[in-house]
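Colleague: Any chance you can model this:
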Amino acid sequence: MRLLYCFIVNKASGNGRAYKIWNKIEKMLVEREIAYCVYFTQKPKHATLLVRELIRKEEVKVIVAVGGDGTVHEVINGLIGSDVPFGIIPAGSGNDFSKGLGISSKYEKALERILNGRPKHIDIGCVNSTYFVTVAGIGFDGEVAHVANTSIYKKVFNYFRLGHITYLMSAIKVLTQYRPMDISIRIDKDLHTFKKVWLIAVANLPFYGGGLIICPKAKNNDGVFDICIVQGISKLEFLRLFPSVFKGKHIDSPLIKTYRGKELEIHSTMPLKIHGDGEQIGKCPAHIKIIPFALNVL
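Modeller: Below is the predicted model of the structure:
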C-alpha cells in the first residue's frame, strides 16, 4: 500500500472556511494522484483520538491539520511520542502557530510546503499532562481564552477573519472584573514571588490571541521558554499598556518582567485558569516544562 497523507479537517474552523479550503485541496490531490485519507472532527478533542488511531497504521506518512490553532492543539496532543511529520493548512481565525513558523496563509503554498518541504523538529511545551506549541497563559489570559471560546461574537468575527478582535473584546470584558493574584513561580532553580499578578505568558512562539506578539523573541528550537509577567499595575495602566502588545512593544515597559527558562512551577493564592494554544487546559498549580525537538513539522 502506498504511504498516505492523512488530513484532519475541522469543518467549524473559520466559520466553515476550513471545509471550503479542504474541498479545493482535495481537487489538487486528486489531480496530482496523491494518496490521501481524510477525517472530519465531530466534537472537542476528537482530532486527538483520530491521530492516535492513525499513527498506529504503518502506511501513514504525514498528519495534516486543516483548521486553526485549536485543531493544531488537538492534533499535536495525539502526535507526541511519534515521529510522524505534522503539516498545517491554516484555516482558522488566528493561525498563530502557522504565523510563528512562517507558513503561508494561502492554502496552495501551505500544501506545496507539505508535499515538498523537509521536516524539522521543534520544541513543544507541556502543562501538567497537556501539550502546547504556541503559548500557555495563566491568570488574565486564561480567563480571556475562556470568555472568547464561549462568546456569541466569536463566530461573527471569525467569519470576517478578525480573530484578534474576539480576543480584544473578551479582554475588555474580563478586565472589568478580574482581580490580580499573588503568585510564586520557580523558574528552573530560582524562586520568585509576585504581588498582584495579571498574567503569566509562557511562550514557545511569539504569537497568541490572533496575532498578539506577547514574547517577540520566543523561538521554537532553542530549548527554552520566553516568559512574560505583568504584575503590580492598576487597571488603567494595564489598559494603556495593552495596545502595545499588538507590536510586541510592551516588553520595553518597566512594568513588564521577562525571563527565560526550561521548567516552571506556579502556585497562586486562588486557582487560576490556564490556556494552551488558546484552549482551556486546567488551573493552577501548574508544572510547565519544555520538551526539546519533540514535534516533527513540515
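
Colleague: S98 and K106: what is the separation?
Modeller: According to C-beta to C-beta, to the nearest Å, S98 and K106 sit 11 Å apart. C-beta coordinates here come from the backbone N, C-alpha and C atoms, glycine included.

Colleague: ok, those two, which is more surrounded?
Modeller: Shown here are S98 and K106; by other C-beta atoms under 10 Å, S98 has more neighbours (23 against 12).

Colleague: how about the helices in the stretch 101-250 of the chain?
Modeller: Remark: helices assigned in the stretch 101-250 of the chain by DSSP state H, counting those that start in this stretch are 107-116, 140-149, 154-159, 163-175, 235-241.

Colleague: possible to save these as TSV with distance to K273, mean neighbour count and mean pLDDT?
Modeller: Output for those, formatted as TSV (distance: least, C-beta to C-beta, whole Å; neighbours: other C-beta atoms under 10 Å; pLDDT from 0 to 100):
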stretch	distance to K273	mean neighbour count	mean pLDDT
helix 107-116	32	17	96
helix 140-149	3	23	84
helix 154-159	17	17	57
helix 163-175	10	20	77
helix 235-241	17	14	91
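
Colleague: With distance to I21 as new columns, can the ones you listed be given to me in CSV?
Modeller: Shown next, in CSV, are the helices of the stretch 101-250 of the chain (distance: least, C-beta to C-beta, whole Å):
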stretch, distance to I21
helix 107-116, 5
helix 140-149, 22
helix 154-159, 14
helix 163-175, 16
helix 235-241, 36
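
Colleague: mind checking which of those is nearest L79?
Modeller: Each of the helices of the stretch 101-250 of the chain has some distance to L79 by C-beta to C-beta; the shortest is helix 107-116, at 14.6 Å.

Colleague: what packs against that closest one?
Modeller: On a contact count with 3 or more C-beta pairs under 8 Å, 6 or more residues apart in numbering; DSSP states H and E, helix 107-116 meets helix 17-31, strand 86-90.

Colleague: which residues touch that helix?
Modeller: 5, 21, 24-25, 28, 34, 62, 64, 87-91, 98, 103-104, 298 (C-beta atoms under 8 Å, 6 or more residues apart in numbering).
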